[in-house]
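> A predicted structure for the sequence below; I have some questions about it.
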Amino acid sequence: KSGEIRVTYNMVGTVSMPNLKDYNLMNAREKLEAEVAAGLFNMEGEELWIGLMRLEEYQAKLRNVQEGVNTYWLAKPLRTEFNHKHGLYLEGGNEEFRYGIDLGYNNENGVMKGSYRDRIDAGFSIYYTTPKVQVHNYISYGVTKEKESPYGDFSQYTQMLPYEKYKDEDGKTLRRLNWSRVLDFEPMNPLYEAELGSFDKGQTNILTENLSVNWFVKPTFWVKGELGVSHSTGKREAFIDPLSIKNNLDYGDDRSYVGSLTLTNTEYTTWEGKLTVSYNESISNHNINVGGGLEVKTTRRRTNSGTYKGFQSAEFSSPEFARSMPNKTTFQEVQTRLFGMFARLNYSYKDIYLMDASLRVDGSSEFGAESQWGSFWSFGAGINVHNFEFMRSLPWINQFKVRGTYGATGKVNYPPYAARDMYSILFDDWYSTGIGATLQGVGNENLVWEKTNSTNIGFDLSFFQSKYNITFSWYNRQTVDMITDV
């Protein structure tokens with residue numbers, strides 16, 4: 001109702017729980033019996049010291065089984081969570097001008113312990129309508145915070161052995177296991193790793209603006225303009241506790257550089273604009289729909305990442321507490337531009353004979369100078385047989401349409417700047433003529449659009465008040481100028 005403010009609130013709650021029914025794993029006693037049956041502890045033909053090692057291993061495993069050790073590793077990193085999503089929407093205005101405010105919060109805790117993804121959103125929209133003009137604008141801002149589970153990948157728990165002890169006699173979690181080798185370098189206890197100060201978390205902020213304007217010049221002729229802007233920033237922090245066994249992968253017994261912090265920052269901006277003109281007219285038994293327009297798009301992505309090494313404790317995980325930064329921060333920037341023109345035509349006569357045609361020409365900065373432009377077209381025709389006069393004698397047929405189409409579409413199927421020579425700058429190597437550089441990739445200025453040519457021929461049949469339907473299609477799809485890595 002004009003002048004009133006309407007408030008809407010909704011809440012959705014869900015329960016997420018792991019389902020382990022498909023995992024049919026052996027218990028500790030069954031696993032040991034299977035190893036014995038497989039001859040894992042067979043001493044025949046082996047040297048004495050190897051036989052004694054196998055005997056000692058078997059006795060240690062058997063002792064654990066007899067003591068009642070039967071660890072169900074699959075359940076250790078999992079939990080049941082109640083997640084909730086809230087939405088609040090306020091709207092008001094009159095017939096010509098309306099506005100709306102939306103607020104949202106989405107809490108998603110994963111079934112892996114310690115993992116979560118929380119999102120907060122806010123948006124503002126306006127609608128302005130007159131007989132000639134329609135304006136719609138929507139701006140929104142969202143913040144997403146996420147964190148990976150400190151328990152690592154669930155797959156590693158499927159490799160744990162049930163007769164393994166994960167705690168000592170004092171109830172403390174063991175740093176190393178005896179036989180469960182998840183990583184090649186040593187048996188690591190993932191439950192011990194989960195208790196450390198390691199973390200992998202991030203935050204993303206997104207700002208979007210979308211504007212749409214419709215101008216109805218006359219009932220059969222209108223113009224539509226669209227503008228969209230999106231800007232997002234992301235920050236990610238990945239820290240490995242100096243007490244983690246993962247440090248041994250790089251440094252072995254050298255404790256000088258244990259512990260690492262990797263900081264990654266991203267910035268992504270997109271601008272999109274589109275102008276469309278449409279004309280629709282019916283003259284006698286002829287229906288004509290003609291349209292065309294322009295489209296522009298530009299994107300820019302910036303990324304920088306750096307790793308700090310050597311931390312004394314997880315309590316001091318900021319970059320200033322690092323011993324060194326072995327490598328300089330890496331930077332990357334990718335920018336692309338696209339300009340396109342398109343036109344379409346739809347025609348029908350007495351709703352019997354149908355014809356569609358379209359043409360699109362695109363130019364992209366991702367291609368070489370010799371082939372930045374690509375043209376794509378399509379054509380289709382059809383006949384509504386059921387609209388012929390002679391078909392009225394068959395009222396049980398509701399639809400009988402014969403159709404055929406042929407067209408080409410295009411896309412970019414390789415990284416940006418692949419058309420240009422790429423160099424890696426050696427900032428640590430300075431010469432009398434300047435800094436050094438090595439060739440990273442040879443560009444190809446003759447790269448062209450990847451095109452897919454498609455043919456589709458068929459018919460649609462519906463009868464007995466559309467209770468039964470038959471659709472037949474024959475198609476042929478061929479991709480040309482495809483680029484692949486070798």
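Received it, and whenever you're ready, just let me know what you need.
> spatially speaking, which residue is in the middle of the protein?
Thr204 (14.1 Å; C-alpha atoms, centre = their mean).
> what pairs with that one across the strands?
Assessed by DSSP bridges, Thr204 has beta-bridge partners Thr144, Gly234.
> show the pLDDT at it.
On the pLDDT scale, Thr204 is placed at 98.
> please apply the same query to Leu394.
At Leu394, pLDDT is 85.
> repeat that for Leu249.
Looking at Leu249, the pLDDT reads 54.
> repeat for Glu186
62.
> still on that earlier bit, you'd agree the residue nearest to the centre of the chain is up against Arg236?
No. Thr204 is beyond contact range of Arg236, at 9.0 Å (criterion: C-beta atoms under 8 Å). (Glycine included, C-beta is placed from N, CA and C.)
> can you pull out the helices in the stretch 301-450 of the chain?
Taking DSSP state H, counting those that start in this stretch, the stretch 301-450 of the chain contains no helices at all.
> and if you look at the stretch 151-300 of the chain?
Counting by DSSP H, counting those that start in this stretch, the helices of the stretch 151-300 of the chain are 190-194, 248-251.
> ok so, going back, separation between the residue nearest to the centre of the chain and Glu237?
The spacing between Thr204 and Glu237, counted by C-beta to C-beta, to the nearest Å, is 13 Å.
> got it, and Tyr99?
39 Å.
> and His84, by the same measure?
Taking C-beta to C-beta, one finds His84 at 27 Å from Glu237.
> of the two, which one has the most company?
Glu237 (17 against 13; other C-beta atoms under 10 Å).
> below-threshold pLDDT in this protein: ranges please.
Scanning the chain for pLDDT under 70 picks out 1, 181-186, 248-255, 368-370, 412-419, 428, 446, 484-486.
> next SSE after the lengthiest helix in the chain?
Criterion DSSP state H: the longest helix present in the chain is helix 48-66. Next helix or strand after helix 48-66 toward the C-terminus (DSSP states H and E): strand 81-93.
> in that following strand, what's buried?
In terms of neighbour count (16 or more other C-beta atoms under 10 Å), strand 81-93 has its buried residues at Glu81, Asn83, Tyr89, Glu91, Gly92, Gly93.
> of those residues, which is the nearest to Leu211?
Among the buried residues of strand 81-93, Gly93 lies closest to Leu211 (C-beta to C-beta), at 17.9 Å.
> number of nearby residues for the residue lying closest to that closest one once chain neighbours are set aside?
Spatially, and ignoring its direct neighbours in sequence, Gly93 is nearest to Tyr99 (5.4 Å; C-beta to C-beta, 6 or more residues apart in numbering). The tally of other residues near Tyr99 (other C-beta under 10 Å) stands at 15.
> mind checking which helix or strand Tyr99 is in?
strand 97-109.
> between the following helix or strand past that strand and strand 97-109, how many degrees?
Per DSSP H and E, strand 97-109 leads on to strand 116-129 as the next helix or strand towards the C-terminus. With axes from the mean of the first three to the mean of the last three C-alpha atoms, to 10 degrees as the basis, strand 116-129 and strand 97-109 are set at 170 degrees to each other.
> direction included, what does strand 116-129 pair against?
strand 97-109 (antiparallel), strand 133-147 (antiparallel).
> quick one, what contacts the residue nearest to Glu226 when sequence neighbours are not counted?
Spatial nearest neighbour of Glu226, chain neighbours left out: Lys274 (4.4 Å); criterion: C-beta to C-beta, 6+ apart. With contacts defined as C-beta atoms under 8 Å, 6 or more residues apart in numbering, Lys274 is in contact with Lys224, Gly225, Glu226, Leu227, Gly293, Leu294, Glu295, Val296.
> any idea how far the closest residue to Leu90 other than its chain neighbours is from Ile139?
Excluding the flanking residues, the one nearest Leu90 by C-beta to C-beta, 6+ apart is Ile101, at 4.6 Å. Noted for Ile101: a distance of 11 Å to Ile139, by C-beta to C-beta.
> same deal with Pro190?
Counting by C-beta to C-beta, the gap from Pro190 to Ile139 is 44 Å.
> what's the answer for Gly306, then?
Applying C-beta to C-beta, the value for Gly306 to Ile139 is 33 Å.
> ok, now Lys411?
For Lys411, the distance to Ile139 - C-beta to C-beta - is 30 Å.
> before we move on, the earlier item: now the contacts of Lys274: which count as buried?
The buried subset of the contacts of Lys274 - by 16+ other C-beta under 10 Å - is Lys224, Glu226, Leu227, Gly293, Glu295.
> and the two most separated of those?
The most widely separated members of these, counting by C-beta to C-beta, are Leu227 and Gly293 (13.4 Å).
> quick one: buried residues of the longest helix of the chain?
The neighbour-count check on helix 48-66 (16+ other C-beta under 10 Å) flags Tyr58, Lys61, Leu62, Asn64, Val65 as buried.
> now for the second one: which residues touch it?
With contacts defined as C-beta under 8 Å, 6+ apart, the neighbours of Lys61 are Leu32, Glu35, Tyr163, Trp179.
> rewinding a little: I'd like the buried ones among the contacts of Lys274 as CSV, with distance to Ala381 appended.
Listed next are the buried ones among the contacts of Lys274 as CSV, based on distance: C-beta to C-beta, whole Å:
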residue, distance to Ala381
Lys224, 28
Glu226, 31
Leu227, 36
Gly293, 24
Glu295, 27
